[in-house]
Each structure stands twice: as C-alpha cells, then as structure tokens.
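Student: sequence plus the predicted model coming up.
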Amino acid sequence: MKQKTIGLLCASILVAVIFLSFGAAAITFTSVPNAGPYETSFDLGISSNVTEDVLIEITTITDNGESVVFASQTMTMTASTSSTATMIYNTNNFNFELGQIYSTTITTTGQTSGDIDTTTLSFEEVTFCEDCENQGNLDLRVEDITVVNGFGDDDDYWYAFDEIEVELEIENSGNWDIDNIEIEWALYTTNGKKIMDDTLNDFNLKDGKDEKIIFTFILDEDIDEFESEDAVLYIKAKGEIDDNDSPFDGNDTCDSDKKEVEVYGDDDFIILENIKINGVGLIDSSFNEYPLRCGQEVTITAKAWNIGANDQEDVELYLYNQELGFNEKLIVGDIDGYEDQEISFTIILPKEVDEKWYNFQLNVYDEDLDLFENSKDDESTFDVYAKLEGACGYTEPIIKAELLTEAVENSEMKIKVNIQNIGSKTMDYSLNVARFADWAELVDVSERNFELTAGSSKEITITFNTNKESAGERFFDIELLSDNQLVSKQPVLVSIEEVENKVKDFITNNWKILVIALVNLILVIAIIIVAVRTYRR
C-alpha cells in the first residue's frame, strides 16, 4: 500500500513538472525600471531558455494628440542566458502633467517559439521641478501648515475659505552658493486641475545656510472643483548655482515638496466670507483704525457661500449681542450649490454704553431654523469683534460748517464752524483739524479749547491757504476731543474753483461792462494819438 502511494506521488510530481515545463515562458522580463519623463532611454532585463530572435515592443502613449513614441528592438537570445536591451523613446511631444501617473505595456515575442511575455512600464511621477535637476543640493521641506482662520484642521483637512499659513525651510546642503532662489507654489486638485498659484520674492543662500519662509493663501477659488477631489499643494525652490569652483556654475538647481490635504466640499453648510463693517474688511490691516462710535449707524455686509452641491432653501441670518441688546433677523433666501448670496443689514448702536470691544455674533440657520452644522460638528457661527469709542455715555454735539469766503485755488479760505452741545451736561472740548495736508495749509484756528454748557454753542473760524492745483472736491475733518479721547468727527466737503475758471466767470458775468470799457479805452487812445499829431504840426 505504501509503495502504491509513493508511486502515485511520484507520478503526480512528474505530471506537474511536465505541465510546468509546458507553461513556463521561454522569454521573461528580469528587470523593468521606471522610465524618466525627461530621459531618452532605459535598460530592460530579459532572460531566455531557448535560442531565438526576440522582438521587444512598447505601446505608444497618446493623450490629447500628444504621444510618447518607443522604438522597437530585435535581439538574438542564447538559451539559458540573460541580456540587457536599451529601449529608446522620445517624450518631446508629450505633456506629463503634474501629479499624474502614466504607464504602458511592454511585449516580447519569440520569433521561432512564438513565446510571448508582457509587463507594465511605469513612468516616474513628475515633480514640481519638472526637468530641472538638483545639482546644487537644495533641500526644501514643508515644516508646518496651519489653518489660521476657518473651519479646517491644519494639514489634516480644509474647508472652502480657510486662511492657510504654510511654513517652509530651505537649506543649501551643497558646497556652492546659490543665488536668486525663487519660491513658487501651486494648488491643484487631485485630478490635476490647477486652482491657484503664486511666486514669492527671491533670496540668496550660501553653502550650509538655511532660510525660513512663511506664506498664506485663502482657499477661495473654484471651490466646486473640490466636490469629489482633495487638494495637493506643490512647492519648489529654484535658484542658480553661483560658484566658480563648481562644474555646474551658472546652472539652475531645484528641489520640491508636496502635501496632499483632504478638502470637505460636500457638506450642507453655509460660510460667511468677506465680512465688512462700514466697508472695511475684518482682515484689513486698517480695520482697527476705524473704531465704531456709540449711537452710530453701522452697516454689516458679507457673502453667504453654500460650499456644498446641495441647494439650500430659506436661509436666515441672526446678529446677536446680549450686552447691546441685539437679536436682529435677516432673511437671506435660497442659495444654490456652490453659489453665494450678498447680504447687508444696518443697525444703530446704543449711545450710553461702555467704551470697549464687543462681539457681534452672526449665526446662519437652515429652513428648519437649525444652525448649519458641518460633518466635523462645527456650527455656522461667526464672531465679529469691533471696538466702540467716542461719544459713549452722553449726547454727541452737532457740528455745522459754513464757507465764509470764496474757495479758490492758491488763495486764502475761511470756514465758520458752529458747535452746539445738545446734551444735558457741560463739556470741555479740544478742536482739531485733520485730512487737509495734500491740498491746503492750515493758517489759523480762532479757538481750539473751550467749554460748552448744556444747550450752548460756539462759533470758531478756521483759515486755510489752498495750494496750487487744489481745485475740485476736497474733504477735511473737524475732530472734537474730550479728556484726550475722540468723541466726534465731522467730515466737511469744500468745492474749490480753478483760478482760470474764476477769470472766465468774471468775464462771463461782466462782459457788457468790459466791452464798454474796452471801447472807451480805444477812444481815449485814438484821441491821444490825434492830439499828439496835431501838436506836432
């Protein structure tokens, strides 16, 4: 029994060997490297267990009418040997897009045995440096990514309209100086659509030195492109080797890095973007220069963006501040997917409140009067901080300005200012004149410091010397301060005439008198001429 079992086993092994010998390829690939997008050849490893001619062919890659063409090759293989075939190709007529994967098929055919083997040839991924080599050994690294404003989480995920800060470190790891290093970045979707890009100021790096660069951008372009795509941030540092001792002196050198970040663009969510108070954006550097005044009328504007594909109906916005007593409602209406709606509403600030920073909270609600909420449990709530100062706790005075003289360029101009205290208590004021330096010189203010009892008023004369070419509509500000705090500001508009226009106006208005005077002058001259001639005779 045991002998029969052993016999069957041997027979099975023999059959398997026979089948394997029939199924084994006579020609096989032993090494297939990735092809370089900007190279012209690569070495392909092949082995053969028969002696015959071998035809090697690679399928042409074609995209949008552009092609990578490979040259076929025929070679003679000796049985049980390995060989190397150098495959030639031309990429000049093909555009390798950044971040995309390209591959094709290699086929070998035995001319006598008819044996066929196939494999895949892949191309190396194109970097942001493209065909520029890094002969100077630049080292570029993305050190940190931070979402400084928005709903994203640094380099984990982003939302539309996030303000994103990127920190880079660029090191010269080579032995030669590199000049005019330029940082270029571009943001793509994962399917290869470029969304935005920019180039930063250049700099130089000596060998062994490094540089930190920080830049920011706002994810506010083509947000619908991220409906089913993520973002890929590409960055490169490219400069010129500047060292007489280097064999690469004068050559460009480049290094690049990239970060892929998930983008949420399919939530049912509304984002308020470009929020402004009285026309000044919250992120503008000059925002703190325009504090609000108690009792002032304030207009808040913004864009309400639907960052998802689903249409949103009956959107409502509420402005809330408990201290100031605001709970204002604004009906925004319907917003289609990836579309925006301009919003604007006006409030009047209370008069008798403390001078300090206040938070005006803007909340966006859906058709069910629920706060919009994204997939990360963030609510559609936006904080708007603004400082109230000036005229708080009492009634602001009334300021009126009246022109006392003609307003003509390159001449003296007087303005009468009437200030009336309509409050219930006595106030000490200091008067200041501002915003005139580009069109006039301040000559005199008849009284700068004064006291006004409740219900009283004061007249003050301001004298200017207007400059040459100051004609046109000009503004200046009358500022009132109390206890060194600005409590009121009144802009004044003055229409200044050109000197030439003044002469023309005079001629136009008095042309009859001027004609009579001219005729009389001619008659006088004629009489004088006749008298002189008569006298000479």
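Tutor: Done, it's in.

Student: domains of this structure?
Tutor: 25-122, 138-264, 291-387, 398-497, 505-536 (automatic domain parsing).

Student: out of these, which gets nearest to Ile277?
Tutor: For these, proximity to Ile277 was assessed by C-beta to C-beta; domain 291-387 is nearest, at 5.7 Å. For the C-beta atoms, the positions are set from N, CA and C on the backbone; glycine is no exception.

Student: any idea of the mean pLDDT for the closest one?
Tutor: When the per-residue pLDDT values of domain 291-387 are averaged, the result is 91.

Student: now the strand or helix carrying Glu182, how far from the centre of its chain.
Tutor: Element membership of Glu182 [criterion: DSSP states H and E] is strand 178-189. In this view, strand 178-189 has its centroid 16 Å away from the chain centroid, taken as C-alpha atoms, centre = their mean, to the nearest Å.

Student: all further residue positions should be reported with the first residue as 16.
Tutor: In the new count, where the first residue is 16, that last one comes out as strand 193-204.

Student: helices or strands next to that strand in the packing?
Tutor: Using 3 or more C-beta pairs under 8 Å, 6 or more residues apart in numbering; DSSP states H and E as the contact criterion, the neighbours of strand 193-204 among helices and strands are strand 178-187, strand 209-214, strand 218-220, strand 225-233, strand 246-256.

Student: just the mean pLDDT for the fourth one, thanks.
Tutor: Across strand 225-233, the average pLDDT comes to 95.

Student: what angle sits between it and strand 246-256?
Tutor: For the pair strand 225-233 and strand 246-256, the angle between their directions (axes from the mean of the first three to the mean of the last three C-alpha atoms, to 10 degrees) equals 140 degrees.

Student: how far off strand 178-187 does strand 225-233 point, in degrees?
Tutor: Between the axis of strand 225-233 and that of strand 178-187 there is an angle of 160 degrees, by the same axes, to 10 degrees.

Student: so how far is strand 225-233 from its chain's centroid?
Tutor: Here the centre of mass of C-alpha atoms in strand 225-233, compared against the chain's by C-alpha atoms, centre = their mean, lies 14 Å away.

Student: now do the buried residues in that strand.
Tutor: Within strand 225-233, the residues that count as buried by 16 or more other C-beta atoms under 10 Å are Ile228, Phe232, Ile233.

Student: again with the second one
Tutor: Of the residues in strand 209-214, those buried under the neighbour-count criterion (16+ other C-beta under 10 Å) are Ile210.

Student: ok, and what's touching it?
Tutor: In this structure, residues lying in contact with strand 209-214 by C-beta atoms under 8 Å, 6 or more residues apart in numbering are 197-204, 230, 232, 236-237, 240, 246.

Student: at 10 Å instead, please
Tutor: Here strand 209-214 makes contact (C-beta atoms under 10 Å, 6 or more residues apart in numbering) with 112-113, 197-204, 230, 232-238, 240-241, 244, 246-249.

Student: what about the protein, any weak spots by pLDDT?
Tutor: The model of the chain has pLDDT under 70 over residues 16-40, 128, 281, 298-304, 405-409, 516-527, 529, 551-552.

Student: and the domains of the chain as CSV, adding distance to Gly296?
Tutor: Formatted as CSV, the entries for the domains of the chain read as follows, by distance: least, C-beta to C-beta, whole Å:
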stretch, distance to Gly296
domain 40-137, 33
domain 153-279, 12
domain 306-402, 10
domain 413-512, 21
domain 520-551, 44
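
Student: so which of the ones you listed is nearest Leu297?
Tutor: Put simply, out of the domains of the chain the one that sits nearest Leu297 is domain 306-402, at 6.5 Å, with distance taken as C-beta to C-beta.

Student: so how far is the closest one from its chain's centroid?
Tutor: 24 Å.

Student: show the end-to-end separation of it, please.
Tutor: 5 Å (C-alpha to C-alpha, to the nearest Å).

Student: equivalent analysis for stretch 68-86, please.
Tutor: Counting by C-alpha to C-alpha, the length from the leading to the trailing residue of stretch 68-86 is 17 Å.

Student: give me the buried positions along that stretch.
Tutor: Val69, Ile71, Glu72, Ile73, Ile76, Val83, Phe85.

Student: what do you get for stretch 272-280?
Tutor: So, applying 16+ other C-beta under 10 Å, buried residues of stretch 272-280: Asp272, Lys273, Val276, Glu277, Val278, Tyr279, Gly280.

Student: the first one against Glu182, yeah?
Tutor: No. The pair Asp272 and Glu182 does not pass the contact test of C-beta atoms under 10 Å, sitting 11.9 Å apart.

Student: which residues do those two both contact?
Tutor: By C-beta under 10 Å, 6+ apart, the residues touching both Asp272 and Glu182 are Arg156, Val157, Glu158.

Student: name the residues of the helix or strand where Val448 lies that are buried.
Tutor: Element membership of Val448 [criterion: DSSP H and E] is strand 442-449. Buried residues in strand 442-449, counting neighbours by 16+ other C-beta under 10 Å, are found at Met442, Tyr444, Leu446, Val448.

Student: before we move on, the earlier item: so which of the buried residues of stretch 272-280 comes closest to Glu367?
Tutor: For those, the minimum distance to Glu367 (C-beta to C-beta) is 44.9 Å, reached by Tyr279.

Student: roughly how far does that closest one sit from Lys371?
Tutor: As judged by C-beta to C-beta, to the nearest Å, Tyr279 and Lys371 stand 36 Å apart.

Student: again, but for Cys147
Tutor: When Cys147 is compared with Lys371 (using C-beta to C-beta), they lie 56 Å apart.

Student: which of those two has more neighbours?
Tutor: In this view Cys147 and Lys371 are compared by other C-beta atoms under 10 Å, and Cys147 has more residues nearby, 17 against 10.

Student: show me what the nearest residue to that one once chain neighbours are set aside is bridged to.
Tutor: Beyond its immediate neighbours in the sequence, the residue positioned closest to Cys147 (C-beta to C-beta, 6 or more residues apart in numbering) is Cys269, lying 4.0 Å away. On the basis of DSSP bridges, Cys269 takes part in beta bridges with Lys253.

Student: so Cys269 touches Ile198, yeah?
Tutor: No. Under the criterion of C-beta under 10 Å, Cys269 lies out of contact with Ile198, with a separation of 11.0 Å.

Student: give the residues shared as contacts by the two.
Tutor: Shared contacts of Cys269 and Ile198, defined by C-beta under 10 Å, 6+ apart, are found at Leu155, Lys251, Ala252, Lys253, Gly254.

Student: so who does the second one touch?
Tutor: Spelled out, that is Lys251. 142-145, 147, 153, 155, 197-201, 269-273.

Student: what do you get if the cut-off is 7 Å, keeping everything else the same?
Tutor: Phe143, Cys144, Leu155, Glu199, Cys269, Asp270, Ser271 (C-beta atoms under 7 Å, 6 or more residues apart in numbering).

Student: quick check: the first one vs Leu508, distance?
Tutor: From Phe143 over to Leu508 the distance is 54 Å, taken as C-beta to C-beta.

Student: can you give me the neighbour number for the nearest residue to Gln435 once chain neighbours are set aside?
Tutor: Setting aside the residues directly before and after it, Gln435 is nearest to Ser472 in space (C-beta to C-beta, 6+ apart), at 4.0 Å. Around Ser472 there are 14 other residues, counting by other C-beta under 10 Å.

Student: my guess is Ser472 contacts Asn433. True?
Tutor: Yes. With contacts defined as C-beta atoms under 7 Å, Ser472 counts as touching Asn433 at a distance of 5.9 Å.

Student: what about Thr119, neighbour count?
Tutor: Other residues close to Thr119 by other C-beta under 10 Å number 17.

Student: my guess is it meets Thr77, correct?
Tutor: No. Proximity of Thr119 to Thr77 does not meet the contact threshold set by C-beta under 7 Å, at 10.0 Å.

Student: for Arg548, pull up the helix or strand it's in.
Tutor: Taking DSSP H and E as the criterion, the element that holds Arg548 is helix 526-551.
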